[in-house]
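Novice: Here is a sequence together with a model predicted from it:
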Amino acid sequence: MDRSISLPGQPDRTTTVTLVETSSTPGGLELVSSYQTTRVGDPMDLVALAAQVQKGDDFIKANACNKLTVIADQIRYLQEQARKVLEEAKRDADLHHAACNIVKKPGNMYYLYQRSSGQKYFSIISPKEWGPSCPHQFVGAFKLQHDMSWSPVDEVQKRDAEIAIMEKLLSQQKSLPLYTEANFKGLAE
C-alpha cells in the first residue's frame, strides 16, 4: 500500500512510502487482534517513515555522485596518459625519421642538430665536443632505448632507474608477493 507524505518543513516535496499489505487473517488464521493491526497509527509514524525513505534516497544519490566523480577523475587521468603516449609516439617517430648517416644502436646517446635549410640530423658528436665551432643549431640530446623509443637527456636518469627496477624483477624470476595493501618494498632497493 503506497502513501504519499509531505515532510515537515518541505511542503512542496512529497515522498512515497510503501507499507506492508495487511490482512486480518493471513493464511486463513487470525494471529493478532485485527483492531491492532488495521488501525491507523500516529500520523507522525508515516512522516518518520517518509523521512527515512527520503534520507535513504539522498544518501544513495550522494554515493552515486561520489562514485561518478571518482570515475570522471579516472577518465581525465587516462585521457592525460593517452595524450602523453601519443605525444611520445609522435616525438619518437619524428626522431626515427631524422637524417642520420650512422646505424643507430640502442643504449647510445645521439645529438640532434638542425641545418639552416631546416633539415634535422643526428650526430654522435655532442655540442661540448664541437665547442665553439659547432656547425649547426643544437636541438637536443636523446638516448635510444632498447625498445626503440627515445629519451630526452633530462629524462635518461629516471628512465634508466625504471629499467633497472624492471631488470631486477626479471632477473630474480620471482613473482611479487601477494599483499592486500599497496606495498612497493623491495622494488626500489
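Specialist: Cool, got the structure.

Novice: CA only for contacts and neighbour counts going forward, please
Specialist: Will do.

Novice: Secondary structure element holding the spatially most central residue of the chain?
Specialist: What sits nearest the mean C-alpha location of the chain, by CA atoms, centre = their mean, is residue 74, with 3.2 Å. Residue 74 belongs to helix 43-96 when assigned by DSSP states H and E.

Novice: which other helices and strands contact that helix?
Specialist: Packing partners of helix 43-96 (3 or more CA pairs under 8 Å, 6 or more residues apart in numbering; DSSP states H and E): strand 2-7, strand 10-18.

Novice: Mean pLDDT lowest where, among those strands?
Specialist: The weakest mean pLDDT among those belongs to strand 2-7, with a mean of 68.

Novice: quick one on the thing from earlier: now the helix holding residue 74, how far from the centre of its chain.
Specialist: 10 Å (CA atoms, centre = their mean, to the nearest Å).

Novice: tell me the mean pLDDT for that helix?
Specialist: Mean predicted lDDT for helix 43-96 stands at 91.

Novice: Return the list of helices and strands in contact with the helix or strand following that helix.
Specialist: The first helix or strand that comes after helix 43-96 along the chain, using DSSP H and E, is strand 109-114. With contacts defined as 3+ CA pairs under 8 Å, 6+ apart, strand 109-114 has these neighbours: strand 120-123, strand 137-144.

Novice: which of the ones you listed sits most buried?
Specialist: strand 120-123 (a mean of 20; mean count of other CA atoms under 10 Å).

Novice: What separation is there between residue 159 and residue 122?
Specialist: 21 Å (CA to CA, to the nearest Å).
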